[in-house]
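Dropping the sequence and predicted coords here.
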Amino acid sequence: MIRTGTADLPLHYGKVPEWLASRMARLGLAITEAVLAEYGTSGWIERMSDPFWFQALGCVMGMDWHSSGITTSVLGALKRAVNPISRELGICICGGRGNASRRTPDELTAVSHQFGLPDTDLVTASRLSAKVDNSCVQDGFQLYLHTFALDRSGNWAVVQQGMNSETGMARRYHWHSSKAGSFVSSPQTAIVGTNKGSIVNFSDFRADESRKAVMDFLKTHPDLQQKELVRLGLVPQNPVPLQLELWDRNLSLPKRHEVTAADASPSRLGAVLAAAYEHQFESFTEALLLKGVGPRTLQSLALVSEIIYGKAVRFSDPARFSFAHGGKDGHPFPVPLAIYDSTIQILERAVSSSKIGKSDQLAAVRNLHTLAVTIEQTQNPQADVPAVIARERAMSPHYGGKTVFE
């Protein structure tokens, strides 16, 4: 078991309005079912453990592209939609924020009995992953959210988040069960974040002697413990410092609300826009999907398609996926409700048809992503990101654009 990555996000407060929460649940379920149809439950678990894919999912669902709220809202929407049919899907999400996180062991016990899995191992994995990120790695973030996603085969992913009220930042941690290792000896591939100097990391393999010393200390009489702490000035003896490492599984997003060209790949976004709007591809997209689907809906579908079928390297710029359905705070533009509803309906029909053996509609969604990748690789189009945002905002009233401020 290993931590697969982290995401550093500005700490935002607030509640997702029902008009968005209900749509997030429907779109999240449709995307989940499409992933399950193509890659199975293990493929869905693997994606949940990827901080970049998870952030892109939140963006395509209309949440604020960079905020800590993506974690809470996406997990809440998925749990709301997935758990009532968990037996049918073969996956389940346990835990949540605050008091819900403390119910994780009971929920894991219930679902493990449903799936025929050893509940003790799952509960232990849940507790230890939380302990490592909250206590062994003292990085200044206090956990307030813990979720445990699992499938009927026993594969699991942990997504948990901590906050640092002094810096106004949150840090999300992702774990995956398929990585062999130990919870207490270097479970992380790396520890990532802005370098603030040395940190205490009792989960590093070099801290084995320190861990033993702590256990020996805890076994001594309280009076002796007190004397030792006084003698040391309340400072642990021989701490093991570890410089923060940077690696490609860390996502770090800015505090500013505006989406810029630096946040979304112009070539990737340009390919999506070309597939949706340029006349030379009209006949191809009409052959893929039902006639009458407008270019703006195709734009959203192409980005949703990439969430389902895109390779891991495609999610290095998660803000790009906010060009599907905007963001509830109005960045990069208000949520276009008419387009959002159209996207949901098309994807739900495709998934429903695939369940009865008619996979042509779901294949059409996949081919839309293939078309966008082909355009990107052969033509290298470059989107003018500020111009695209300006156009979306100008068209917002036409698409039923809405924010939390209205």
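That came through fine. Residues are numbered from 1 along each chain as shown.

Quick one: mean pLDDT for stretch 319-326?
Across stretch 319-326, the average pLDDT comes to 98.

From the rest of the structure, what touches that stretch?
The contact list for stretch 319-326 (Cβ atoms under 8 Å, 6 or more residues apart in numbering) reads 56-57, 59-62, 65-66, 253, 259, 263-265, 268-269, 272, 299-300, 303-304, 306-307, 331-336, 339-340, 343, 388, 392, 396, 401. Every residue, glycine included, has its C-beta placed from N, CA and C.

Any buried residues in that stretch, and which?
Across stretch 319-326, burial judged by 16 or more other Cβ atoms under 10 Å covers 319-326.

Pick the one among these closest to residue 40.
residue 321 (23.1 Å; Cβ to Cβ).

Shouldn't the closest one be within a strand?
No: counting by DSSP: H, G, I helix; E, B strand; the rest coil, residue 321 is not found in a strand; it is helix.

measure it to residue 14 for me?
21 Å (Cβ to Cβ, to the nearest Å).

same question, residue 40
Using Cβ to Cβ, one gets 36 Å for the distance from residue 40 to residue 14.

Next: residue 147.
Counting by Cβ to Cβ, the gap between residue 147 and residue 14 amounts to 19 Å.

Neighbour count: these two, which is higher?
residue 147 (27 against 13; other Cβ atoms under 10 Å).

domains for the protein, by residue range?
The record's domain parsing of the chain by automatic domain parsing lists 2-191, 266-402.

before we move on, the earlier item: tell me the one among the buried residues of stretch 319-326 nearest to residue 122.
Minimum distance to residue 122 across the buried residues of stretch 319-326 is 31.1 Å, recorded for residue 321 (Cβ to Cβ).

what sits against residue 56?
307, 315, 318, 320-321.

Please report phi then psi for residue 144.
Dihedral pair for residue 144: phi -130, psi 0, per degrees, to the nearest 10.

Leaving out sequence neighbours, find the closest residue to it.
Leaving aside its sequence neighbours, residue 144 sits nearest to residue 163 (Cβ to Cβ, 6 or more residues apart in numbering; 5.8 Å).

now residue 119
Nearest one to residue 119, counting by Cβ to Cβ, 6+ apart, is residue 112 at 3.8 Å.

Might one say that that neighbour is in contact with residue 125?
No: Residue 112 lies out of contact with residue 125 (Cβ atoms under 8 Å); the separation is 11.1 Å.

hey, which helix or strand in this structure has the poorest pLDDT?
Least confident helix or strand, the chain: strand 241-242 with a mean of 32, by mean pLDDT, DSSP states H and E.

Just the endpoints, please. Distance across stretch 52-66?
Length of stretch 52-66, first residue to last, Cα to Cα, to the nearest Å: 11 Å.

Can you give me the buried ones in that stretch?
Going by neighbour count (16+ other Cβ under 10 Å), the buried part of stretch 52-66 is 52-66.

of all the residues you listed, which comes closest to residue 175?
Closest approach between these and residue 175, by Cβ to Cβ: residue 54, at 12.2 Å.

Need the pLDDT of the closest one.
pLDDT, residue 54: 96.

And the one 4 residues further on, by the same measure?
Among the per-residue scores, residue 58 shows a pLDDT of 97.

Doesn't it lie inside a strand?
No: membership of residue 58 in a strand is not supported by three-state DSSP, which gives helix.

and it, what is it in contact with?
With Cβ under 8 Å, 6+ apart, residue 58 has these contacts: 65, 70-71, 73-74, 318.

Kindly report the same for residue 53.
47, 307, 312, 315.

Go again with 6 Å.
47, 315 (Cβ atoms under 6 Å, 6 or more residues apart in numbering).

Am I right that it is in a strand?
No: going by three-state DSSP, the assignment for residue 53 is helix, not a strand.

which residues of the stretch 51-200 of the chain fall in strands?
Ranges of strands within the stretch 51-200 of the chain are 91-97, 137-138, 142-151, 156-164, 169-176, 199-201, based on DSSP state E, counting those that start in this stretch.

And the stretch 251-400 of the chain, by the same measure?
Per DSSP E, counting those that start in this stretch, the stretch 251-400 of the chain carries strands over the ranges 335-336.

what stretches of it score poorly on pLDDT?
Applying pLDDT under 70 to the stretch 251-400 of the chain flags residues 286-291.

Mind doing that once more with 90?
The model of the stretch 251-400 of the chain has pLDDT under 90 over residues 278-294, 355-361, 363-364, 367.

Now do the buried residues in the lengthiest helix in the chain.
Looking across the chain with DSSP state H, the single longest helix is helix 18-48. Within helix 18-48, the residues that qualify as buried are 20-21, 23-37, 41-42, 44-48, counting by 16+ other Cβ under 10 Å.
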